[in-house]
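Chemist: Next one to model:
(one chain, ligands or ions: 1)
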Amino acid sequence: MRKLVAGNWKMHGLSGDLGEIRSIAEQSLDYPGVDVALCVPSILIERAVREVPDFAIGAQDVHPAEKGAHTGCVSAQQLHDAGARLTIVGHSERRAAQRESDVEVQAKAEAALASGLDVILCIGEALPVREAGLAVETVVAQLGNSLPGALTAGTELSIAYEPIWAIGTGKVPTIPEIGEMHDALRALLEQRFGSAGAGIRVLYGGSVKASNAAEIFAVPNVDGALVGGASLKAADFIPIVAAAAVEA
Ligand code: PEP
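Modeler: Take a look at the predicted model:
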């Protein structure tokens with residue numbers, strides 16, 4: 001399966017950073033076997049798309065409703081209209097700070113897919129859950145409750161397994177732990193969607209860097225990465241794309 005390496009810029013990025021987006025887009029062309037995307041703050045999407053029209057620019061969240069009285073929110077249709085090709089949903093920072101439930105994440109994923117956006121749906125366990133030996137069953141249940149009811153022709157669903165304790169901390173699960181989780185997620189996707197579930201990319205996210213990307217990408221059922229901190233600069237991000245190209 002082609003790997004997807006997606007950057008999550010979170011609440012980083014100003015007009016002055018459009019050049020960095022251009023560098024990432026241009027240098028990604030050296031790795032045609034890898035799909036590369038950047039999910040930027042919604043206020044930057046339109047300018048980023050103008051800067052790099054052939055590159056996949058995405059959003060980081062979407063409101064589940066088509067339109068209406070939702071002050072401060074942005075719909076999938078609006079993001080698509082601004083030129084976004086994809087969106088993250090259910091990132092653990094939003095599940096925590098905005099108290100997003102699995103049901104809400106499911107509605108967001110369905111709205112985004114129906115509006116023509118590819119979706120990266122995030123799931124992952126907190127440290128006490130991992131320490132209690134409950135990570136796999138907890139994350140499988142979380143995915144089961146967050147998945148859209150159906151896949152949509154013309155748009156792509158990907159999953160990002162992101163242990164909360166690994167995000168932005170420099171800590172990473174062991175390679176066997178990543179493998180065990182991704183195998184379990186693949187089994188659920190196949191059970192839910194049949195043969196189409198075998199084609200859904202399952203990304204790993206959480207402190208991915210140039211120094212650990214190659215061994216993570218070599219794990220079966222790891223089909224790419226969602227990258228936070230190391231996606232902000234081409235110098236950090238492109239070596240991760242290069243590692244994905246080797247494993248493609
Ligand atoms: C993320 O927030 O999606 C993420 C993976 O962050 P980092 O790479 O900085 O751990």
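
Chemist: Poorly predicted segments of this protein, please.
Modeler: 248 (pLDDT under 70).

Chemist: Enumerate the residues of it near the ligand.
Modeler: Residues of the chain lying near the ligand by C-beta under 6 Å from any ligand atom: 8, 162, 167-168, 205-208, 226-230. Bear in mind the C-beta positions are built from the backbone N, C-alpha and C, glycine included.

Chemist: biggest separation within the residues you listed, which pair?
Modeler: The span of these, defined through C-beta to C-beta, is set by E162 and A230 at 13.7 Å.

Chemist: quick one: contacts for the nearest residue to P53 once chain neighbours are set aside?
Modeler: Residue nearest to P53 in three dimensions, not counting chain neighbours: G83, with 7.9 Å by C-beta to C-beta, 6 or more residues apart in numbering. Shown in contact with G83 (C-beta atoms under 8 Å, 6 or more residues apart in numbering): I45, E46, A48, V49, R50, P53, I57.

Chemist: Could you report the distance from G83 to the ligand?
Modeler: 22 Å (C-beta to the nearest ligand atom, to the nearest Å).

Chemist: mind checking which helix or strand the closest residue to T152 other than its chain neighbours is in?
Modeler: Distances taken as C-beta to C-beta, 6+ apart place L113 nearest to T152, at 4.1 Å, with adjacent residues excluded. Counting by DSSP states H and E, the element that carries L113 is helix 102-114.

Chemist: same thing with P239?
Modeler: Take DSSP H and E as the rule and P239 turns out to sit in helix 234-247.

Chemist: could you say what helices and strands that helix packs with?
Modeler: Here helix 234-247 touches strand 3-8, helix 18-28, strand 34-39, helix 210-217, strand 224-227, going by 3 or more C-beta pairs under 8 Å, 6 or more residues apart in numbering; DSSP states H and E.

Chemist: Check the gap between R22 and L29 for me.
Modeler: Distance, R22 to L29, by C-beta to C-beta, to the nearest Å: 11 Å.

Chemist: These two - which one has more neighbours?
Modeler: Legend: neighbour count by other C-beta atoms under 10 Å for R22 and L29, higher for R22 (15 against 10).

Chemist: who are the neighbours in contact with the more buried one?
Modeler: R22 sits next to E51, V52 when contact means C-beta under 8 Å, 6+ apart.

Chemist: do E104 as well
Modeler: By C-beta under 8 Å, 6+ apart, the neighbours of E104 are P64.

Chemist: got it, and H70?
Modeler: H63.

Chemist: how about CSV for the residues of the chain next to the ligand, with distance to D183 added?
Modeler: Formatted as CSV, those follow (distance: C-beta to C-beta, whole Å):
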residue, distance to D183
N8, 24
E162, 17
I167, 22
G168, 26
G205, 17
G206, 18
S207, 21
V208, 19
L226, 19
V227, 22
G228, 24
G229, 27
A230, 25
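
Chemist: from those, which would you call buried?
Modeler: Neighbour counting over these (16 or more other C-beta atoms under 10 Å) leaves N8, E162, I167, G205, G206, S207, V208, L226, V227, G228, G229, A230 as the buried ones.

Chemist: Dump those residues into TSV; add distance to D102 as well.
Modeler: Formatted as TSV, those follow (distance: C-beta to C-beta, whole Å):
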residue	distance to D102
N8	20
E162	15
I167	18
G205	18
G206	20
S207	24
V208	24
L226	18
V227	24
G228	22
G229	26
A230	28
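
Chemist: And the next helix or strand past the longest helix along the chain?
Modeler: As assigned by DSSP state H, the longest helix anywhere in the chain is helix 175-193. Following helix 175-193 in sequence order, the next helix or strand is strand 201-205 (DSSP H and E).
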